[in-house]
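>>> build me a structure from this.
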Amino acid sequence: MTTLGDFMAKLPQPLLWAYAGIGALYVASKAFNYLKFFLNVFVLSGTNLRKYGKKGTWAVVTGASDGLGKEFATQLASKGFNLVLVSRTQSKLEILSSDLGNKFSGLQTKILAMDFTADDASDYDRLSSLVDGLDIGILINNVGQSHSIPTPFLLTDKKELQDIVTVNCLGTLKVTQVVAPGMQSRKRGLILTMGSFGGWAPTPYLATYSGSKAFLQQWSSALAAELKPSNVDVQLCLSYLVTTAMSKVRRPNLLIPNPKQFVRAALGKVKSGSWQTMPDTYTPYWTHAIMGWAVETFLGVGSGLVRWYNLKMHVDIRNRALRKAARDAKKQ
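This next block holds a predicted model:
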């Protein structure tokens with residue numbers, strides 16, 4: 001019976017060296033990737049935002065009046081950026097603008113109330129007029145919509161389906177077409193688009209939302225290549241759950257930060273995702289990054305196990321939501 005050792009002994013010496021070299025290169029590449037992941041997540045800072053403009057440069061934030069958008073606006077103001085705040089509710093924008101103006105001396109703000117679900121061309125014309133002539137260094141594409149509760153695709157309300165695609169996809173694309181030409185002409189800028197683990201991996205019962213975020217992933221990576229020669233950075237910022245109204249999670253924990261924690265990481269880790277499968281993508285919050293690295297390294301985001309887990313989790317969430325709705329209905 002021929003053993004593995006006997007077989008190897010019969011191989012020509014140059015072939016053995018070739019196999020050894022390939023093995024060494026494989027191990028070295030894995031070790032390098034692990035080191036790169038560790039350094040990017042735990043040691044190195046991201047790109048300094050001053051690259052995109054000195055103090056007084058403008059930043060545009062969509063979905064600005066609540067949650068992550070409000071926190072992006074607050075932290076960018078603290079770093080000396082003036083703000084164009086875009087969201088649906090005029091009163092909330094006015095309050096936010098006033099609060100930030102009182103908190104940060106010398107801050108300039110402009111506001112625009114628009115309902116992204118309307119997909120009204122006049123709204124984008126108003127945005128274009130509002131930003132005309134401004135030195136915009138940063139665009140935060142934060143506006144987004146998800147399902148009210150996890151829902152099978154075939155039961156998804158037609159208006160909800162339409163609104164998710166209109167807001168997440170068309171809204172983001174049209175705002176970027178308004179803002180990015182100025183960045184391209186100035187040879188400077190950052191376009192940061194909020195992605196989601198729901199689009200990074202297929203997510204049953206959030207199929208429309210998952211598809212819209214996956215679209216943004218592909219679009220963002222493609223746009224990054226187009227604008228790189230103009231020194232405009234395009235980044236898709238991946239997030240697991242954060243304590244926002246969209247996630248419906250109220251209490252932060254190790255895996256679920258609050259908006260302040262997440263946005264601090266998002267602005268501090270720009271361009272830190274060289275370890276990720278998709279280019280020009282980064283996962284700024286450290287526990288989210290560990291989760292993403294583990295899945296990409298050992299399972300693959302498209303694996304059947306990941307999809308099964310997402311299905312099970314969202315079926316459970318849906319069932320709990322339906323039971324709660326039934327209890328509330330009985331109380332009325």
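>>> next, the buried residues of stretch 314-326.
His314, Arg318 (16 or more other CB atoms under 10 Å). To be clear about C-beta, it is placed using only N, CA and C from the backbone, and glycine gets the same treatment.
>>> that stretch: how far from the chain's middle?
Relative to its parent chain, stretch 314-326 has a centroid offset of 27 Å by CA atoms, centre = their mean, to the nearest Å.
>>> dump that stretch to CSV, keeping only the CA atoms.
C-alpha atoms of stretch 314-326 as CSV (Å, rounded to 0.1, in the frame of the first residue of the first chain):
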residue,chain,number,x,y,z
HIS,A,314,-36.6,37.5,10.4
VAL,A,315,-39.4,34.9,10.5
ASP,A,316,-39.1,35.1,14.3
ILE,A,317,-39.1,38.9,14.3
ARG,A,318,-42.2,38.9,12.1
ASN,A,319,-44.0,36.5,14.3
ARG,A,320,-43.2,38.6,17.4
ALA,A,321,-44.4,41.7,15.7
LEU,A,322,-47.7,40.1,14.6
ARG,A,323,-48.3,38.8,18.1
LYS,A,324,-47.7,42.3,19.6
ALA,A,325,-50.0,43.9,17.0
ALA,A,326,-52.7,41.3,17.9
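>>> what are the boundaries of the helices in the stretch 201-332 of the chain?
Ranges of helices in the stretch 201-332 of the chain, per DSSP state H, counting those that start in this stretch, are 207-227, 259-268, 286-294, 304-331.
>>> just the ones you listed: most buried one?
helix 259-268 (a mean of 21; mean count of other CB atoms under 10 Å).
>>> ok so, going back, export the helices of the stretch 201-332 of the chain to TSV and tack on mean pLDDT and distance to Asn48?
Below are the helices of the stretch 201-332 of the chain laid out as TSV (pLDDT from 0 to 100; distance: least, CB to CB, whole Å):
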stretch	mean pLDDT	distance to Asn48
helix 207-227	98	19
helix 259-268	98	10
helix 286-294	97	20
helix 304-331	94	35
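>>> now render these as a markdown table, adding distance to Val242.
Shown next, in a markdown table, are those (distance: least, CB to CB, whole Å):
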| stretch | distance to Val242 |
| --- | --- |
| helix 207-227 | 14 |
| helix 259-268 | 5 |
| helix 286-294 | 9 |
| helix 304-331 | 16 |
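>>> between the ones you listed, which one is nearest to Thr117?
helix 207-227 (13.1 Å; CB to CB).
>>> what is the orientation angle of the closest one with helix 304-331?
Per axes from the mean of the first three to the mean of the last three CA atoms, to 10 degrees, the angle that helix 207-227 makes with helix 304-331 is 130 degrees.
>>> and helix 207-227, how far out from the chain middle?
Relative to its parent chain, helix 207-227 has a centroid offset of 10 Å by CA atoms, centre = their mean.
>>> so what does that helix touch, helix or strand wise?
helix 158-165, helix 172-186, strand 189-194, helix 197-200, strand 232-237, strand 281-282 (3 or more CB pairs under 8 Å, 6 or more residues apart in numbering; DSSP states H and E).
>>> which helices and strands sit right next to the second one?
The helices and strands touching helix 172-186, judged by 3+ CB pairs under 8 Å, 6+ apart, are strand 58-62, helix 121-131, strand 136-141, strand 189-194, helix 207-227, strand 232-237.
>>> looking at the chain, which helix or strand is least sure?
None of the helices or strands of the chain scores lower by mean pLDDT, DSSP states H and E than helix 4-10, at a mean of 64.
>>> what's the neighbour count on the nearest residue to Gly273 once chain neighbours are set aside?
Nearest residue to Gly273, sequence neighbours excluded (CB to CB, 6 or more residues apart in numbering): Tyr282, at 3.0 Å. Applying other CB atoms under 10 Å, we find 26 residues neighbouring Tyr282.
>>> now do the same contact list for Tyr282.
By CB atoms under 8 Å, 6 or more residues apart in numbering, the contact set of Tyr282 is Gly46, Gln235, Leu236, Cys237, Leu238, Lys269, Val270, Lys271, Ser272, Gly273, Gln276.
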